[in-house]
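# Let me see the structure of the following:
(one chain, ligands or ions: 1)
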Amino acid sequence: MSKPTLATVWLDGCSGCHMSLIDLDERLLELAAAVDVVYSPLVDLKDYPEHVTIALVEGAISSEEDLHKIYLIRERTDILVAFGDCASAGNVPTMRNPFKVQEVLDHGYIETAEITEGIPTDVIPALLPYVRPIQEFVNVDVFMQGCPPSPDVIYYVLTELLAGRKPDLANKTQPGA
Ligand code: SF4
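A predicted model of the protein is given here:
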């Protein structure tokens, strides 16, 4: 029988949630035996598969590319997990929301440029006017809060989902919980 599949996705986040995933250490071996990792910044596959059992989505939606990805992920995924506070509440990336997109680009690429001044047009995807958490665009099945969620919380959520249970996260949001 084929194993469940796992995707991990990095949208507008700092990758700290993925670092916390790596901090599972030897428990990664246990998970690796239980799932096939089919898409992730940690593996080489570049295209989101047609069907995924569980997706951990880190980061908020801040660009047209993020938006395209989250719709595709929702369409192709059984259980979508908002992985960390940026995905579930916007968190750090929403700090740009009080400013206009043009102001943000001008400040980052022109006013503070030290080497090459100019806003790239073919490297960064077009930014949306505001950064939003993912549940404002698609249904989320599990909210895994924390900045980042602790390795214990990540392990708990994944093992519960793989056992066919809905995680009860009421007492699992603090590091080491
Ligand atoms: Fe980084 Fe925290 Fe956002 Fe995770 S929730 S991507 S650790 S800022």
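# Okay, buried residues for the helix or strand of the chain with the lowest mean pLDDT please.
Of all helical and strand segments in the chain, the minimum by mean pLDDT, DSSP states H and E falls on helix 101-106, at a mean of 93. Judged by neighbour count using 16 or more other CB atoms under 10 Å, the buried positions of helix 101-106 are residue 105. All C-beta atoms are positioned from the backbone trio N, CA, C, and that covers glycine.
# Ok, stretch 119-138 next?
Those would be 127-128, 131-135, 138, for stretch 119-138 by 16+ other CB under 10 Å.
# Throw these into a markdown table and include pLDDT and distance to the ligand, thanks.
Listed next are those as a markdown table, based on pLDDT from 0 to 100; distance: CB to the nearest ligand atom, whole Å:
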| residue | pLDDT | distance to the ligand |
| --- | --- | --- |
| 127 | 94 | 17 |
| 128 | 97 | 17 |
| 131 | 98 | 11 |
| 132 | 98 | 14 |
| 133 | 98 | 11 |
| 134 | 98 | 12 |
| 135 | 97 | 14 |
| 138 | 98 | 18 |
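# mind listing which of those are in strands?
Using DSSP state E, 127-128, 131-132 are the members of those that sit in strands.
# Write out the residues of the protein neighbouring the ligand.
13-14, 16-17, 58-59, 84-86, 91-92, 147-148 (CB under 6 Å from any ligand atom).
# In this protein, where is pLDDT below threshold?
171-177 (pLDDT under 70).
# Show me where it has its strands.
Secondary structure of the chain by DSSP E: the strands cover 5-10, 36-39, 52-58, 61-63, 77-83, 127-132, 142-144.
# Can you tell me which of those strands is nearest to residue 114?
strand 127-132 (22.0 Å; CB to CB).
# got the CA positions of that closest one in PDB?
C-alpha atoms of strand 127-132 as PDB (Å, rounded to 0.1, in the frame of the first residue of the first chain):
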ATOM      1  CA  LEU A 127       3.000  42.100  -4.800                       C
ATOM      2  CA  LEU A 128      -0.600  42.300  -3.700                       C
ATOM      3  CA  PRO A 129      -1.800  45.500  -2.100                       C
ATOM      4  CA  TYR A 130      -2.000  43.800   1.300                       C
ATOM      5  CA  VAL A 131      -0.500  40.700   2.900                       C
ATOM      6  CA  ARG A 132      -3.200  38.300   4.200                       C
END
